[in-house]
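Student: sequence first, predicted coordinates after that:
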Amino acid sequence: MEKKVKISALEVVGEATPPNARLNIRTVYRQEEFLLTAAHASLISAGMESEDKEDTGVVLGVDSVIDPWKEDFYRDVLREGPLGASPLIFPYTSANALAARLTIALGLKGQCITIASGPLSFLKALAYGYLLVGCGRVKKVLVGAVTEKAAATVTLGAGKGFFLNACVESRGVAGDATLLSSMDESFSFLGRAFDGLSAGQNIKAARDRNGSAVTFSLSI
Amino acid sequence: MMRRVVITGIGLLTPLDAGSGKEAFWSALTSGVNAVGEVTLFNTSGYSSSVAAEVKGFETGPKDRWHAFLDKAFTSAVEDSGLRGLPDGAGLILGTVLGGILKGEAAWKQGSSLPEEYRLSSGAGGLAETFFIRGPVTTVSTACASGTDAIGIALRLIQSGRADVMIAGGGDVLSEFAFSGFSSLNALTKDLVRPFAGGRTGLALGEGAAFLVIEEERHASKRLARAYCRISGYSSSADANHMTGPDKEARGLSKAIQAALDESECSRVDYVNAHGTGTPYNDLMETKAFKNVFGNEAYGIPVSSIKSMIGHSFGAAGAIEAAACVMVMERGLIPPTINLVERDPECDLDYCPAAARKTDVRSCLTVSAGFGGQNSALVLTGL
């Protein structure tokens, strides 16, 4: 049963975002900075900045963002043997590292899930976040994604002016579904969906080359 | 009314059975067989440890080791469920931490580009293609809670009506990549895994895969499927504390356990399958979590860690442990925590040391915790 869920406007932070617009926080990688800045902006936009986030969930999509970190870690091992393994970098070689960083920096202690399903990871994260809020499992969820170039976030269950009326993952959809080859493309895709909103529901669908698809409906 | 969800099939591949099937797994598990031994898959010279739990003697054929593990466990689960082909709309949720890392190691050694089989998403993608899966297909990666979370997400999809049948589980392989990382954190034991024991010295890495076939209850009974038990509760939480160390007061894990119990409407359980890695911090934290949730009743609930026998298989761990719980409930026998000789006064619960214990188990809690403060809990109950 589909339910109307509040969704905040999409925040995207990346290389093009001026440094003075980014959160001033110590990070190991710049992608953490992108994600934390976007997430912080989403929480402010949803009016959640100063509230208790004990039960706020996180669902994050990742694809290849940590691959260079894994390669760096392993090349040091190949070059220097066991002593080349960095205990600082190793925790960042797990796909959930950025979601973990988010929870630590922003005090988000609810359900924390990382989706690693290729170019559709962000939209699949949105689908799962929508399911959690729509079914009443969680009141508020921060949904986001990170690539090497940028991070994008929205909040579900809070926000002004927009609603997510449905968001479903499926397989075998073709037709009008937009083919996405990267997660960066999914940021633009969702951004256009927000920008192009008119009265009534706006149904969009995206797919990847492996046959997965996500269909969602936004409204104002 | 929330749809009820049952488990109708289990399939696993672990160091105890090497792909011989769940009966071989069960026999070794309840006999307290120790699968931790000298690593043969790569050179451990220079590392502080040389032991892990490997799947030995399993023929992978032309496939990458990880994909071969997944194929075997998946096929076994579907066969066990009695499904003749997967229904349209059946989906798959796979939990994994490092996916095709062996392909990554090879590429980095050769300086070549990363192949598709390296990608975390390629495991679920490959299974979806091979087995014509037409429903939702997702890969979840929540560190060592991945397998448990995969099952939990599948539960939610069925409860919400998105699917009637889901196959959920996890898989990971042993790699020098992971071995070197855990070694750098001084987390590896040099000999045995001693969960909850005094003087415990750390974890041993493992590998494997496991899947559960999970169905909406009426869908299962309509096709006259044998249902093992229900999944009646699930939750996850974040410690929001540290990238590798758990919250020492166990607040996050306690919260996940309590939320899963609340959903299941169980106030206590007959058995707890612990995360029980054998590290000083984790085992103490878990003990605190059980006491936080169950109070004094915690002393009367048997707890055991099968990682004492099969090591820590990352994304596979939660799924293997859930499958083990299914068998515990089916057969009324709790596997032991082996190597628990010296006691730790701060870990003073009943960890079923030494030998398997015969007892009626109508409800079971299985917990997982992972890097980054991930905590997950599943509750299984009898029909």
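Tutor: All right, it came through fine.

Student: wait, a strand at residue B:233?
Tutor: Yes. Assignment of residue B:233 by DSSP: H, G, I helix; E, B strand; the rest coil places it within a strand.

Student: in a strand, residue B:294, correct?
Tutor: No. Per three-state DSSP, residue B:294 lies outside any strand segment and is helix.

Student: okay, it and chain A: tell me how far apart.
Tutor: 21 Å (C-beta to the nearest C-beta, to the nearest Å). To be clear about C-beta, it is placed using only N, CA and C from the backbone, and glycine gets the same treatment.

Student: in the chain, which helix is the longest?
Tutor: Here I'm looking at chain A. If you go by DSSP state H, chain A has its longest helix at helix A:30-45.

Student: that's the wrong chain, I meant chain B
Tutor: Chain B, longest helix under DSSP H: helix B:65-81.

Student: residue A:87 touches residue B:185, doesn't it?
Tutor: Yes. The criterion here is C-beta atoms under 8 Å, and residue A:87 meets it with residue B:185 at 5.1 Å.

Student: which parts of chain B are strands?
Tutor: B:5-13, B:36-38, B:51-53, B:91-95, B:137-140, B:165-172, B:208-216, B:229-238, B:271-273, B:303-304, B:333-334, B:357-358, B:363-370, B:374-381 (DSSP state E).

Student: just put those strands in JSON lines and tack on mean neighbour count and mean pLDDT.
Tutor: Converted to JSON lines, the strands of chain B look like this (neighbours: other C-beta atoms under 10 Å in any protein chain shown; pLDDT from 0 to 100):
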{"stretch": "strand B:5-13", "mean neighbour count": "27", "mean pLDDT": "98"}
{"stretch": "strand B:36-38", "mean neighbour count": "17", "mean pLDDT": "98"}
{"stretch": "strand B:51-53", "mean neighbour count": "25", "mean pLDDT": "98"}
{"stretch": "strand B:91-95", "mean neighbour count": "32", "mean pLDDT": "98"}
{"stretch": "strand B:137-140", "mean neighbour count": "29", "mean pLDDT": "97"}
{"stretch": "strand B:165-172", "mean neighbour count": "32", "mean pLDDT": "98"}
{"stretch": "strand B:208-216", "mean neighbour count": "31", "mean pLDDT": "98"}
{"stretch": "strand B:229-238", "mean neighbour count": "25", "mean pLDDT": "97"}
{"stretch": "strand B:271-273", "mean neighbour count": "27", "mean pLDDT": "98"}
{"stretch": "strand B:303-304", "mean neighbour count": "26", "mean pLDDT": "98"}
{"stretch": "strand B:333-334", "mean neighbour count": "21", "mean pLDDT": "98"}
{"stretch": "strand B:357-358", "mean neighbour count": "15", "mean pLDDT": "97"}
{"stretch": "strand B:363-370", "mean neighbour count": "27", "mean pLDDT": "97"}
{"stretch": "strand B:374-381", "mean neighbour count": "29", "mean pLDDT": "97"}
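
Student: please work out how many residues are found near the nearest residue to residue B:172 once chain neighbours are set aside.
Tutor: Of all residues not flanking residue B:172 in the chain, residue B:314 sits nearest, at 4.0 Å (C-beta to C-beta, 6 or more residues apart in numbering or on different chains). The tally of other residues near residue B:314 (other C-beta atoms under 10 Å in any protein chain shown) stands at 32.

Student: residue B:314 contacts residue B:174, correct?
Tutor: No. Look at residue B:314 against residue B:174 with C-beta under 8 Å: they stay out of range, at 9.3 Å.

Student: shared neighbours of these two, which are they?
Tutor: residue B:205 (C-beta atoms under 8 Å, 6 or more residues apart in numbering or on different chains).

Student: follow-up on the earlier one: I'd like to know which elements the longest helix of chain A is packed against.
Tutor: Packing partners of helix A:30-45 (3 or more C-beta pairs under 8 Å, 6 or more residues apart in numbering or on different chains; DSSP states H and E): strand A:11-14, helix A:97-106, strand A:141-146, strand A:150-156.

Student: and the ones you listed, which is most packed in?
Tutor: Greatest average neighbour count among the helices and strands packed on helix A:30-45 goes to strand A:141-146 (a mean of 31), per mean count of other C-beta atoms under 10 Å in any protein chain shown.

Student: who are the contact partners of residue 22?
Tutor: With no chain named, the answer covers chain A. A:13, A:33-34, A:37.

Student: meant chain B actually
Tutor: By C-beta under 8 Å, 6+ apart, the contact list for residue B:22 reads B:10-12, B:76, B:80, B:323, B:327.

Student: residue of chain A nearest chain B, please.
Tutor: Closest residue of chain A to chain B, C-beta to the nearest C-beta: residue A:100 (2.5 Å).

Student: neighbours of the nearest residue to that residue once chain neighbours are set aside, how many?
Tutor: Nearest non-adjacent residue to residue A:100, counting by C-beta to C-beta, 6+ apart: residue B:372, 2.5 Å away. Residues lying near residue B:372 (other C-beta under 10 Å) number 31.

Student: which intervals of chain A have sub-threshold pLDDT?
Tutor: Filtered on pLDDT under 70, chain A yields the residue ranges A:1, A:173-174, A:198-201.

Student: okay, and the beta partners of the residue most central in space within it?
Tutor: Chain A has residue A:144 as the residue nearest its centroid, 1.5 Å off, counting by C-alpha atoms, centre = their mean. Assessed by DSSP bridges, residue A:144 has beta-bridge partners residue A:60, residue A:153.

Student: list the contacts of it.
Tutor: Counted by C-beta under 8 Å, 6+ apart, residue A:144 has contacts A:35, A:38-39, A:42, A:58-61, A:102, A:122, A:125, A:151-154.

Student: can you rerun that using 7 Å?
Tutor: A:35, A:38-39, A:60, A:151-153 (C-beta atoms under 7 Å, 6 or more residues apart in numbering or on different chains).

Student: ok, so what distance separates the spatially most central residue of chain B from chain A?
Tutor: The C-alpha lying nearest the average C-alpha coordinate of chain B belongs to residue B:318 (C-alpha atoms, centre = their mean; 1.8 Å). Using C-beta to the nearest C-beta, one gets 13 Å for the distance from residue B:318 to chain A.

Student: so that residue makes contact with residue B:369?
Tutor: No. Here residue B:318 does not reach residue B:369: they are 9.9 Å apart, not a contact under C-beta atoms under 7 Å.

Student: what is in contact with the two at once?
Tutor: residue B:145.

Student: all strands for chain A, in order.
Tutor: A:5-6, A:11-14, A:57-62, A:112-115, A:141-146, A:150-156, A:163-171, A:178-179, A:202-207, A:212-219.

Student: give the contact list for residue A:189.
Tutor: A:178, A:180, A:206.

Student: residues contacting residue 176?
Tutor: Just going to use chain A. Contacts here follow C-beta under 7 Å, 6+ apart; on that basis residue A:176 touches residue A:205.

Student: actually chain B
Tutor: B:42, B:105.

Student: could you report the pLDDT at it?
Tutor: We have a pLDDT of 98 for residue B:176.

Student: for it, give its distance to residue A:73.
Tutor: 11 Å (C-beta to C-beta, to the nearest Å).

Student: residue of the stretch 1-150 of chain B nearest chain A, please.
Tutor: residue B:141 (3.7 Å).

Student: with adjacent residues omitted, what lies nearest to that residue?
Tutor: residue A:95 is the one closest to residue B:141 (C-beta to C-beta, 6+ apart), at 3.7 Å.

Student: just to check, the one you found is in contact with residue B:140?
Tutor: No. Counting by C-beta under 7 Å, residue A:95 sits too far from residue B:140 to count as a contact (9.0 Å).
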